[in-house]
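> Provide a 3D model corresponding to the input given below.
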Amino acid sequence: MMNIAQYLDSTYLKTPEQSGLSEEETLQKDKNLAQEAIDNGIFAVMIRPDYVSEIKKYIQERNSNVVVGTVIGFHEGTYSLDEKLAEALKAIADGADELDFVINYNAYLQGNLHLVQNEFVQCTQLCLQHHKVVKWIIEIAALTDEQIANLTKNISIWAEENFSENEWANIFVKSSTGFYETKDGKPNGATFEGVKIMLDNAGKLPVKAAGGVRTPEDAEKMINMGVKRIGTSSALALMKNQSPSEGY
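Numbering: from 1, shown residues only. Model prediction:
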């Protein structure tokens with residue numbers, strides 16, 4: 001039986017406004033998420049930037065190696081470069097180990113590849129200088145198959161042109177935010193088809209499948225395809241093959 005836990009980023013990314021919870025209740029949910037990860041060997045927790053400092057402290061106090069990840073430019077990706085860099089710097093100062101940026105896929109769709117490339121290079125450079133893992137969310141539900149392939153390939157090329165080979169393992173391409181609103185009931189997270197396109201075009205970069213992975217069989221299939229990490233808001237349910245309780 002495959003150890004799925006070591007691939008999982010256990011995720012809670014709703015703001016208090018989105019969930020109807022208070023700041024304190026949201027922090028408690030994040031602490032519960034962290035404890036669940038500690039107790040079950042889950043690789044990482046992925047939380048909003050506002051809670052990184054507290055959750056990092058919580059995990060350290062329990063002498064755990066659970067990784068703390070956060071999201072930058074979330075969830076639309078349209079933050080300016082300066083805003084993304086500032087948000088990233090604060091997250092790094094607060095103790096984040098991994099930073100998942102939403103790439104400005106709207107700029108990409110409008111043909112502004114230079115903006116997207118500049119954002120990728122500068123934000124990636126910041127993270128690698130601080131010895132952090134960086135992941136780039138391309139939001140595959142907003143893209144055609146051709147655009148998924150093209151954007152993934154561009155990220156791979158930019159990584160190879162601007163960073164050394166021993167850094168590539170710390171630069172991920174990630175499928176989804178889990179917050180994109182699709183029409184006609186189409187999936188808004190990782191699909192096998194979309195992730196296969198990413199894997200085929202990511203070159204030496206690792207791929208993270210986020211959202212939509214609901215069963216141990218799905219997770220194992222993704223991992224066997226070549227995915228290095230899986231983002232899920234129902235990590236324990238996924239491991240135990242139970243129904244997920246809620247979305248991101």
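> Going by C-alpha atoms from here, please, whenever you check contacts or count neighbours.
Fine.
> which residues touch the nearest residue to residue 181 once chain neighbours are set aside?
Excluding the flanking residues, the one nearest residue 181 by Cα to Cα, 6 or more residues apart in numbering is residue 188, at 6.7 Å. With contact taken as Cα atoms under 8 Å, 6 or more residues apart in numbering, residue 188 is in contact with 140, 141, 176, 178, 179, 180, 181, 182, 211, 212.
> Give me the buried entries from those residues.
140, 141, 176, 178, 179, 180, 211, 212 (16 or more other Cα atoms under 10 Å).
> For the residue nearest to the spatial centre of the chain, what are phi and psi?
Taking Cα atoms, centre = their mean, the centroid of the chain lies closest to residue 100, which sits 4.6 Å from it. Backbone geometry at residue 100, expressed as degrees, to the nearest 10, gives phi -100, psi 100.
> can you check residue 208 too?
phi -110, psi 130.
> what bridges to it?
residue 174, residue 229 (DSSP bridges).
> Is it in contact with residue 231, as I believe?
Yes. Using Cα atoms under 8 Å, residue 208 is in contact with residue 231, at 7.2 Å.
> what residues do those two have in common as contacts?
With Cα under 8 Å, 6+ apart as the test, residue 208 and residue 231 reach no residue in common.
> Centre of the chain to stretch 178-192, how far?
Here stretch 178-192 is found 15 Å from its chain centre; the criterion is Cα atoms, centre = their mean, to the nearest Å.
> Endpoints of it, how far apart?
15 Å (Cα to Cα, to the nearest Å).
> For this protein, which segments are assigned as strands?
Assignment of strands within the chain using DSSP state E yields the ranges 8-12, 44-47, 67-72, 98-102, 133-137, 171-174, 207-210, 229-232.
> and the longest one, average pLDDT?
For strand 67-72, the mean per-residue pLDDT is 98.
> Who are the packing partners of it?
Here strand 67-72 touches strand 44-47, helix 52-61, helix 81-94, strand 98-102, going by 3 or more Cα pairs under 8 Å, 6 or more residues apart in numbering; DSSP states H and E.
> most packed of the ones you listed?
Among these, ranked by average contacts under mean count of other Cα atoms under 10 Å, first place goes to strand 44-47 (a mean of 27).
> Tell me the predicted confidence for the nearest residue to residue 2 once chain neighbours are set aside.
With Cα to Cα, 6+ apart as the criterion, residue 2 has its nearest non-adjacent residue at 7.2 Å, and that residue is residue 220. At residue 220, the pLDDT value in this model is 96.
> and what of residue 245?
59.
> Over to residue 190?
Value listed for residue 190 in the pLDDT field: 96.
> burial of it, as a residue count?
26 (other Cα atoms under 10 Å).
> cool, and residue 170?
Neighbours around residue 170, by other Cα under 10 Å: 17.
> which ones are touching the residue lying closest to it once chain neighbours are set aside?
Once flanking residues are discounted, residue 170 sits nearest to residue 133: 4.8 Å by Cα to Cα, 6+ apart. Neighbour list for residue 133: 97, 98, 99, 127, 170, 171, 172 [criterion: Cα under 8 Å, 6+ apart].
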